[in-house]
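**Student:** Model the following, please.
(chains A and B)
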Amino acid sequence: MREVMDFSNGRELLSLCAGKNKTISEVMLLRELEKFGSSREAVWKRMRESFEVMRESVGRSQTEQMRLLGGYIGGESKALLSRILREGAMGGMISRASAYAMGVIELNASMGRIVAAPTAGSAGVIPGILVAVHELYDFSEDALVGALFNAGAVGYLIDRNATLSGAEGGCQAEVGAASAMAASALCELFGGAPAVCLAAAGDAISNILGLVCDPIGGLVESPCQKRNAMGVANAVISAETALATNGKTLVPFDEVVAAMYSVGRNIPYQLRETALGGLAMAPSVRNLHPGCASCGGCK
Amino acid sequence: MRSISVFDIIGPIMIGPSSSHTAGALKIARVAGLLAKKKIAKVHFALYGSFAKTHRGHGTDRALVAGILGFDTSDYRIRESFELAREKGIDFDFEEIDEQTDYHPNTVVITLTETDGTVNTLRGASVGGGEIKIHEINGCEIKFSAKNNAIIVRQKDKPGVIAAVAKVFENDGVNISYMSVYCEDGSDEQFSIIEIDGEFDEGALEELRRQKNVLSAVYIKVK
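**Tutor:** Okay, the predicted model is just below:
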């Protein structure tokens, strides 16, 4: 009989992992082969390319002179990293990964190449963490590529059972999802069992449940950039807690995802990517046109 | 419904900042660019809704020009598309349309003029996550999402023309996965959108153009 390697929620994913004695990343890879009929080599190569582009995006954000379209942000990532290298960081890996995550958002806003993971607005979290972990710990590149399949499994479950769109569910659906994906991937890298991974993912969403999407000037710059940094810290804390407590949590992942979706539907329209509420309407910025923040020519 | 792939979640690889305002805009313009048979002289972009309001801050304008040049959504040259288009002698301009319409909020109407004076128009919308819908070509309302390679055929509304067109695909061994025919009110011309599995070669395209009552045929290669 043909094996059926598919799952529609976290519970089914965990039972597949247990039944076949496999990690989440391995199950997700097998699902991809089964659903789309590609070869293992082709799928691995494509994910490896995504990893390479993530690493390239972090690198470019630290070396390139970036010209940001809106100019609401710019230079924060380099400032953060140079302070870390000069004076040390309060947060160790978290600080470094946050700097990288913020850099990727700057690169994105300057028409640089990124991997939407899961979206462009939340594209900093996963590369930030993977590159920092690669620099500070002894993981092979293959282990990090594998971790992306784990992250992909969590993102898939959120997409399938809730949403990954800020316009539909607010920032909790974008940075929240990226943070959950990163938390789960971190757990697997550090030896956590599948249940521990999903507990970390659920906690990461729980911690920022209800976060609205209120982009200043309607652009993917602020507050998105610092929220990506927050997504990094939240992922590390969620992974660390889950690893330390063997995945102890009150509300299982599937119920957290359902709660996130229901909260998202209750977020008013003004706070779902429309730039009609929240920080986007703050007196200091609501009349600021793209380009104004950096140009100042009319003052 | 199509299954969600791991690469829908970890991906796409794209030039930022926005999947709908940058990558999606480029894809619409790429379809428009393929309508031109000869050299493009001038392109006019009429921007509606959110495209009109935020096109500069999202790089929508540069992405649209890059699409006309046929670039991929992950191509770093999108940043320099204005300069590269001018080098190729392509003139372009943007118009922000303020009026209320029934169009999707992220809509662009592209008017392409070739050096011999031929004009093609296309209306497309970026509907989220980099997905697009083409709603109108040369005044004829159509539905096309540009996810599969397709051939757009303009033909006379005469008996036997569709059979003749289908025969060319059969002879070339190309499977038609989806075909739709659109008529304009009061016109004796039709548009066929023929989506295919795999690719279509230049020889088959020429053969298609030779068929009786076929006015034109263009190949929209999207993958």
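**Student:** tell me which element the residue in the stretch 1-150 of chain A that chain B sits nearest to is part of?
**Tutor:** The nearest approach of the stretch 1-150 of chain A to chain B comes at residue A:108, 3.2 Å away (Cβ to the nearest Cβ). (Glycine included, C-beta is placed from N, CA and C.) Secondary structure assignment for residue A:108, by DSSP states H and E: helix A:93-109.
**Student:** Next: residue A:61.
**Tutor:** Assigned by DSSP H and E, residue A:61 belongs to helix A:40-63.
**Student:** If you count neighbours, what's buried in whichever helix or strand comes after that helix?
**Tutor:** Following helix A:40-63 in sequence order, the next helix or strand is helix A:76-87 (DSSP H and E). Judged by neighbour count (16 or more other Cβ atoms under 10 Å in any protein chain shown), helix A:76-87 contains these buried residues: A:76, A:77, A:78, A:80, A:81, A:84.
**Student:** same thing with stretch B:88-102?
**Tutor:** Buried, per 16+ other Cβ under 10 Å, within stretch B:88-102: B:90, B:92, B:94, B:97.
**Student:** and of the residues you listed, the nearest to residue A:189?
**Tutor:** Closest approach between the buried residues of stretch B:88-102 and residue A:189, by Cβ to Cβ: residue B:94, at 46.6 Å.
**Student:** sorry, back to before: now for the helix holding residue A:108, which elements pack on it?
**Tutor:** If you count contacts as 3 or more Cβ pairs under 8 Å, 6 or more residues apart in numbering or on different chains; DSSP states H and E, helix A:93-109 packs onto helix A:40-63, helix A:76-87, strand A:113-115, helix A:125-136, helix A:224-244.
**Student:** Relative to residue B:102, which of the ones you listed is closest?
**Tutor:** Judging these by Cβ to Cβ, what sits closest to residue B:102 is helix A:224-244, at 31.2 Å.
**Student:** does any part of that closest one sit near chain B?
**Tutor:** No - Helix A:224-244 is not in contact with chain B by Cβ under 8 Å from any Cβ of the partner chain; minimum separation 9.3 Å.
**Student:** Next secondary structure after that helix?
**Tutor:** helix A:253-266.
**Student:** Can you check what angle separates the strand or helix carrying residue A:159 from helix A:253-266?
**Tutor:** Assessed by DSSP H and E, residue A:159 sits inside helix A:141-161. Relative orientation of helix A:141-161 and helix A:253-266, computed by axes from the mean of the first three to the mean of the last three Cα atoms, to 10 degrees: 60 degrees.
**Student:** Now the spatially most central residue of chain A. Its backbone dihedrals?
**Tutor:** Closest residue to the average C-alpha location of chain A: residue A:178 at 2.3 Å, with Cα atoms, centre = their mean. Dihedral pair for residue A:178: phi -60, psi -40, per degrees, to the nearest 10.
**Student:** Check what pLDDT it gets.
**Tutor:** Per-residue confidence at residue A:178 stands at 98 (pLDDT).
**Student:** try the one 3 residues further on
**Tutor:** At residue A:181, the model reports a pLDDT of 98.
**Student:** ok, now the one 3 residues further on?
**Tutor:** According to the model's per-residue confidence, residue A:184 sits at a pLDDT of 98.
**Student:** okay, now it: neighbour count?
**Tutor:** Other residues near residue A:184 come to 35 when the count uses other Cβ atoms under 10 Å in any protein chain shown.
**Student:** Which one of the buried residues of stretch B:88-102 is nearest to chain A?
**Tutor:** For these, the nearest to chain A is residue B:94 (15.1 Å; Cβ to the nearest Cβ).
**Student:** hang on, isn't that closest one packed against residue B:52?
**Tutor:** No - counting by Cβ atoms under 8 Å, residue B:52 is not a contact partner of residue B:94; they are 9.1 Å apart.
**Student:** picking that back up, look up how far residue B:74 lies from the residue of the stretch 1-150 of chain A closest to chain B.
**Tutor:** As judged by Cβ to Cβ, to the nearest Å, residue A:108 and residue B:74 stand 12 Å apart.
**Student:** ok, now residue B:200?
**Tutor:** As judged by Cβ to Cβ, residue B:200 and residue B:74 stand 24 Å apart.
**Student:** between the two, who's got more neighbours?
**Tutor:** residue B:200 (21 against 16).
**Student:** what are the phi and psi values for the residue lying closest to the more buried one once chain neighbours are set aside?
**Tutor:** Nearest non-adjacent residue to residue B:200, counting by Cβ to Cβ, 6 or more residues apart in numbering or on different chains: residue B:219, 5.3 Å away. Backbone torsions for residue B:219, taken as degrees, to the nearest 10, come to phi -100, psi 120.
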